[in-house]
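Undergrad: Build me a model from this:
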Amino acid sequence: MSTSAASHLPPAYPGRAAWGTAGKLRAWQAAALDRYLTERPRDFLAVATPGAGKTTFALRVATELLDRGEVQRVTVVAPTEHLKVQWAEAAAKVGIRIDPRFANAQGRHGRDFDGIAVTYAGVASKPLLHRARTEAARTLVILDEVHHGGDALSWGEAIRDAFEPATRRLSLTGTPFRSDTAAIPFVRYEMDHEGVLRSSADYTYGYADALRDGVVRPVLFLSYGGTMRWRTKVGDELEVRLGEPLTKDVTKQAWRTALDPAGDWAPAVLRAADKRLTEVRRHVDDAGGLVIATDQASARAYARQLHDITGEKPTVVLSDDAGASGRIEEFAAGTSRWMVAVRMVSEGVDVPRLCVGVYATSTSTPLFFAQAVGRFVRARRRGETASVFLPNVAHLLAHAGSMEQERDHALNKKATVDDESVWSEEEGLLAAANATESASGELDGAFEALHSAAEFDHVLFDAEQFGLGGMPGSEDEEDFLGLPGLLEPDQVAHVLRERQKKQVGRGGGRERAEAVSAHRALAEHRKELNKLVSAYAQKKGQPHAVVHAELRRVCGGPELATASAEQVQARIERIRNWFVGRR
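TA: Here you go, the predicted structure:
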């Protein structure tokens, strides 16, 4: 390192020598580092699955650049206050001193530090301050979970203004980017064969690669359905089975009914998850569990239910403050069973002992789902598995089944009616969830949950379903909850197939399998009716809803989502008659 560069660093800066105690780089980290040092780019985007070790890779890049005198200081930009501290702790282990307590009011960091850690929100509040800091010395900017640069127009503009003068910029993400039209600063976009602009990573290390290398755990998704009943805002009572083909609105209300802590679904799933955790702890004695809730009120209620189930008070994390950060650190270092959180631990937070999760939130975007599941996949030794309990909602199961697929950030892709931005209207309520008692907002008055009952449906592993369902506490359910806590990926699939054979052999799940077949047939009838309604509405120049309403008036019965097979078939025959002029 040159004398001029060294004068800007604390005398104790040990350089690459610190890596002797920091551990050897994984193969992907070494390959990415080699590419970085060979190409020496100003901007570099590394996409690596949660749990793969993006922080270690970034800090090694920082060490190399500091050693060579190519940069004099480091700025880390992270999504949350807790992650600022986490970055500072990791950097300290390799001799880089990062100040996570830096405040914009200070203007400059202390001479004892090599740089600072700030949040995206902090940069957005004073972009010119951070631009001046960046211009004052050769700076490496590490943008952790860089997809947050597209969260809001003001954030993206602030990041660009603040760090445009940076000597080097290293962008990191562990999840697929959102599909929207807000370009993320310092990310390169290329046109694909469909004419869509997509982000282009300089190095990609996906979940399938990490699973093959033993870097992450295989994930078992345990899906739970059951009967849901609620009252709509106009006073109608609806009862459906969660998991059967339904309209999006009905699915959302059934899903919210399931998550209502006052019903029977949530306590039953928590008991099942705790049984799974007990089995895992036979092999991994410090294994922990995490419940991700929609809002603070639900989180507190789930915590009380877990206390009743286990006799042990869970750790509750409700907001992104210093106290919450300390509780996460205490839980990570301990051996207690459960933590319950709203949002804070869904992204980037490192608690390697988390092995069992309950996805008890109504947020459904691929980004949030992947970040949430990422909390459970970090492998510490071969054979550890992760188990995530889900409501039987097709949208979530689709995310689970596509974990191995890589998705890029599309700039000019047009939204469709099935786009995640249309489906996940409640995600915008998350920001208020840490500060309010409810994340439901004005939707609170839309319906009243009346009853929910849980039923084990199946296990999803490697995009394949296993099991034929079962009631809570049944032998059918116990077979899958009791999977060994230490299994290699190929062993997981083998054991699941054996459990399914055993269930079929004793006739378990037969009634549920027949019911599923009936649901599929009903789904086909509904699809046929919707096509006929669409064609007739176009012919008459009427809205679809008007045609559906007239069919209900003539044929009788409830709305399509809850109509029986016979009622749907009657409507199909009626609208066919309309096409030929017979009423």
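Undergrad: Tell me the helices and strands packed up against the longest strand along the chain.
TA: In the chain, assigned by DSSP state E, the strand with the most residues is strand 219-232. Strand 219-232 makes packing contacts with strand 237-242, helix 248-259, helix 265-281, strand 386-391, helix 394-401, strand 447-452, strand 455-461 when contacts are defined by 3 or more Cβ pairs under 8 Å, 6 or more residues apart in numbering; DSSP states H and E. Quick note: C-beta positions are derived from backbone N, CA and C, even for glycine.
Undergrad: next one: it to chain centre, how far?
TA: Distance, stretch centre to chain centre, for strand 219-232: 18 Å (Cα atoms, centre = their mean, to the nearest Å).
Undergrad: I'd like to know which of the helices and strands packed on strand 219-232 is closest to A92.
TA: strand 386-391 (28.7 Å; Cβ to Cβ).
Undergrad: got the angle between the longest strand of the chain and strand 455-461?
TA: Here the directions of strand 219-232 and strand 455-461 differ by 150 degrees (axes from the mean of the first three to the mean of the last three Cα atoms, to 10 degrees).
Undergrad: buried stuff in strand 219-232?
TA: In terms of neighbour count (16 or more other Cβ atoms under 10 Å), strand 219-232 has its buried residues at 219-230.
Undergrad: so which of the helices and strands packed on strand 219-232 gets nearest D112?
TA: Taking Cβ to Cβ as the measure, the helices and strands packed on strand 219-232 were each checked against D112, and strand 386-391 came out nearest at 39.5 Å.
Undergrad: which neighbours does that closest one have in its sheet, and in what orientation?
TA: As defined by DSSP bridges, the strand partners of strand 386-391 come to strand 219-232 (parallel), strand 354-360 (parallel).
Undergrad: quick check: mean pLDDT across the first one?
TA: When you say that, I think you mean strand 219-232. Along strand 219-232, the predicted confidence averages to a pLDDT of 92.
Undergrad: Give me the distance between the helix or strand containing L33 and the centre of its chain.
TA: In the assignment (DSSP states H and E), L33 maps to helix 27-39. When C-alpha coordinates are averaged (Cα atoms, centre = their mean), helix 27-39 and its chain have centres 28 Å apart.
Undergrad: Which elements pack onto it?
TA: Using 3+ Cβ pairs under 8 Å, 6+ apart as the contact criterion, the secondary-structure elements in contact with helix 27-39 are strand 43-48, helix 54-67, strand 203-205.
Undergrad: what helices or strands is the longest one leaning on?
TA: Spelled out, it's helix 54-67. For helix 54-67, the packing partners by 3+ Cβ pairs under 8 Å, 6+ apart come out as helix 19-22, helix 27-39, strand 43-48, helix 81-92, strand 139-143, strand 168-173.
Undergrad: Of the ones you listed, which is nearest T361?
TA: Counting by Cβ to Cβ, and looking across all of the helices and strands packed on helix 54-67, nearest comes helix 81-92 at 18.6 Å.
Undergrad: just the angle between that closest one and helix 54-67, please?
TA: An angle of 50 degrees separates the directions of helix 81-92 and helix 54-67 when computed by the same axes, to 10 degrees.
Undergrad: by contact count, what packs against the helix or strand following helix 81-92?
TA: From helix 81-92 onward toward the C-terminus, using DSSP H and E, the following helix or strand is strand 98-99. In terms of contacts (3+ Cβ pairs under 8 Å, 6+ apart), strand 98-99 is packed against helix 81-92, strand 115-119.
Undergrad: Give me the buried stretch members for the helix or strand hosting Q500, please.
TA: With elements delineated by DSSP H and E, Q500 resides in helix 489-505, which encompasses its position. Judged by neighbour count using 16+ other Cβ under 10 Å, the buried positions of helix 489-505 are 489, 492-493, 495-496, 499-500, 503.
Undergrad: now swap in stretch 567-578 and tell me
TA: Of the residues in stretch 567-578, those scored as buried under the neighbour-count criterion (16+ other Cβ under 10 Å) are 567-572, 574-575, 578.
Undergrad: go on, stretch 195-202?
TA: Neighbour counts over stretch 195-202 (16+ other Cβ under 10 Å) mark 196-199, 201-202 as buried.
Undergrad: Would you confirm that F389 contacts V219?
TA: No: distance between F389 and V219: 11.4 Å, which falls outside the contact criterion (Cβ atoms under 8 Å).
Undergrad: so how far is T294 from F369?
TA: 14 Å (Cβ to Cβ, to the nearest Å).
Undergrad: So which of the two has more stuff around it?
TA: For F369 and T294, the more surrounded residue by other Cβ atoms under 10 Å is F369, and the numbers stand at 27 against 22.
Undergrad: can you list the domains in the chain?
TA: Taking automatic domain parsing as the criterion, the chain consists of the domains 3-212, 219-405+417-508, 513-579.
Undergrad: How far off centre is the shortest one?
TA: So the one you mean is domain 513-579. Relative to the centre of its chain, domain 513-579 is centred 35 Å away, using Cα atoms, centre = their mean.
Undergrad: So what does the residue nearest to V215 when sequence neighbours are not counted have for phi and psi?
TA: The shortest distance from V215 to any residue other than its chain neighbours is 5.5 Å, reached at A52 (Cβ to Cβ, 6 or more residues apart in numbering). Note on A52: backbone dihedrals following degrees, to the nearest 10 are phi -80, psi -20.
Undergrad: Who are the contact partners of A52?
TA: Counting by Cβ atoms under 8 Å, 6 or more residues apart in numbering, A52 touches 26, 28, 174, 205, 210, 215-216.
Undergrad: cool, D99 as well?
TA: So, once contact is read as Cβ under 8 Å, 6+ apart, D99 ends up touching 88, 109-110, 113, 115-117.
Undergrad: make it 7 Å
TA: For D99, the contact set (Cβ atoms under 7 Å, 6 or more residues apart in numbering) comprises 109-110, 113, 116.
Undergrad: Now tell me what touches stretch 241-249 from outside.
TA: Identification of contacts with stretch 241-249 by Cβ under 7 Å, 6+ apart yields 225-228, 240, 254-255, 258, 391-392, 423, 457, 519, 522-523, 526, 561.
Undergrad: Please look at A272 and M471 and confirm they touch.
TA: No: using Cβ atoms under 7 Å, A272 is not in contact with M471, being 11.0 Å away.
Undergrad: list residues touching both of these two?
TA: The overlap between the contact sets of A272 and M471 (Cβ under 7 Å, 6+ apart) consists of E477.
Undergrad: just to revisit the earlier point, of the buried residues of stretch 567-578, which is the nearest to Y359?
TA: Y359 lies nearest to V568 out of the buried residues of stretch 567-578, by Cβ to Cβ, at 31.5 Å.
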